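Visitor: Curious how this folds, go ahead:
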Amino acid sequence: MGHLAFAAATSHVGAIVKNPGADPELSGVLHEAWRRLDAEIAAARLDAVVLVATDHYETFGLENYPAFCLGVADEHEGWAEFGNPGGTVAGRPAVAEALLAGLTAREFDLARSHTMALDHSFMVPLAKLPAAAAAGVVPLFVNCSTPPLPTLRRCLDLGAALREAARALPGDPRVGVIGTGGLSHWVGLPRFGDINDEFDGRLLGLLERNEAENILGWDDATILEEAGNGALEIRTWLVAAGAAGGPARVHAYRPMPAWTVGIGIAAFEVAA
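Guide: Below you'll find the model as predicted:
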C-alpha cells in the first residue's frame, strides 16, 4: 500500500526566480518560507511528487486542451519560456501510470501525455523546492485559463481521489502532492499589478480552518472581478487540499507588487 506522505501549495510566478531580490523585506520572508517548506519535503522522504499546475499555452493549445492531464514520461523538459527555469526533470512513470489507472477507476478520466513539457508553473516551484525535484515528478495539469474550466468542486474531489489512488499504489511508495498557482493577480489585463490581499487572506483562512468546502460556492465571475484571472489557479490549491484532507499551515503570505502577485506558501496536514 502506498502512502500520501505530504501535501503543500505555493504560488509560481516567474519573477520569484527572475527577480528574487525585489523588495527584500517582503521577499526575504517568502524565500525563507520556501526553504522551510523544502526542508519538510526532504524530511518526508518522498518517492514521487505529484506537481499540480496549469500551463500558459506552451504545452497545450487549441489543437488539444484537456481539463486534466497527467504526465507519464521518464523525464520532462522545461520550456524555459521568457527566461524562466528550464532543464530536465525526472519523471516517475510507474507511479504516474498506476495513479492514472487508480483515478480512472475512481471515475476521473484524465488525459495522459508521454511528452509533456513543463512551463514556469511547474518549473519555478521546482527551482524553489529542490527536494521535490529530487524525489521525481508526476506533473498534473489543470485547466485554469480556458473556459469551460473544471469546477472548484471537481478539483477538490480530484484531490480526494488522488489521495485514495496514492494509498492504493503497489509497494510502499511515499507520495507528495504540491499545488502551484495564484494567488490574486491580473494577467494581461488593465488591472495588471493589482493584488487583493483581502481575497487572499479569506482563501488562506478557510484552508487553515479546513473549510475548503466553503470555497466551492465561489463562482468564476466573482473570482475574476475580485482577484483576477490568475486567481482561477486556486484550483490547484483545492486539488492539494482535497488530497491532504486536513487544514493548511500557512508558512507565509505577502502581497508582492514587485512580482505583481499575492504570494502564498502553505503545507497541509494529511488526514489519516
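
Visitor: Nearest residue to Phe192 in space, please, no chain neighbours.
Guide: In this structure, Phe192 finds its nearest non-sequential neighbour in Trp186, 5.0 Å apart by Cβ to Cβ, 6 or more residues apart in numbering. No exception for glycine: its C-beta is placed from N, CA and C like everyone else's.

Visitor: All the strands of the stretch 51-200 of the chain, residue numbers only.
Guide: 68-71, 75-79, 86-90, 111-113, 137-142, 174-180 (DSSP state E, counting those that start in this stretch).

Visitor: Out of the ones you listed, which is closest to Glu58?
Guide: strand 75-79 (4.7 Å; Cβ to Cβ).

Visitor: Could I get the buried residue list for that closest one?
Guide: Buried residues in strand 75-79, counting neighbours by 16 or more other Cβ atoms under 10 Å, are found at His76, Glu77, Gly78, Trp79.

Visitor: Would you mind measuring from the third one to Met123?
Guide: Just to be clear, that refers to Gly78. 4 Å (Cβ to Cβ, to the nearest Å).

Visitor: between these two, what contacts are shared?
Guide: Jointly contacting Gly78 and Met123 under the rule Cβ atoms under 8 Å, 6 or more residues apart in numbering are Asn84, Pro85, Gly86, Gly87, Val89.

Visitor: mind checking how far the residue nearest to the first one when sequence neighbours are not counted is from Gly228?
Guide: Closest residue in space to Asn84, ignoring its immediate chain neighbours: His120 at 3.9 Å, by Cβ to Cβ, 6+ apart. Using Cβ to Cβ, one obtains 17 Å as the distance from His120 to Gly228.

Visitor: Show me which of those two is the more surrounded one.
Guide: Ranked by neighbour count (other Cβ atoms under 10 Å), His120 and Gly228 place His120 first, with 29 against 26.

Visitor: thinking the more buried one is in contact with Thr54, fair?
Guide: No - here His120 does not reach Thr54: they are 10.2 Å apart, not a contact under Cβ atoms under 8 Å.

Visitor: Just confirm Ile265 is within a strand.
Guide: Yes - note on Ile265: a strand contains this position according to DSSP: H, G, I helix; E, B strand; the rest coil.

Visitor: Run a quick neighbour tally on it.
Guide: Ile265 is flanked by 26 other residues according to other Cβ under 10 Å.

Visitor: Let me see the contact set for the residue nearest to Phe192.
Guide: Phe192, Gly193, Asp194, Gly228, Asn229, Gly230, Thr260.

Visitor: Please list only the buried members of those residues.
Guide: The buried subset of the contacts of Trp186 (16+ other Cβ under 10 Å) comprises Asp194, Gly228, Asn229, Gly230, Thr260.
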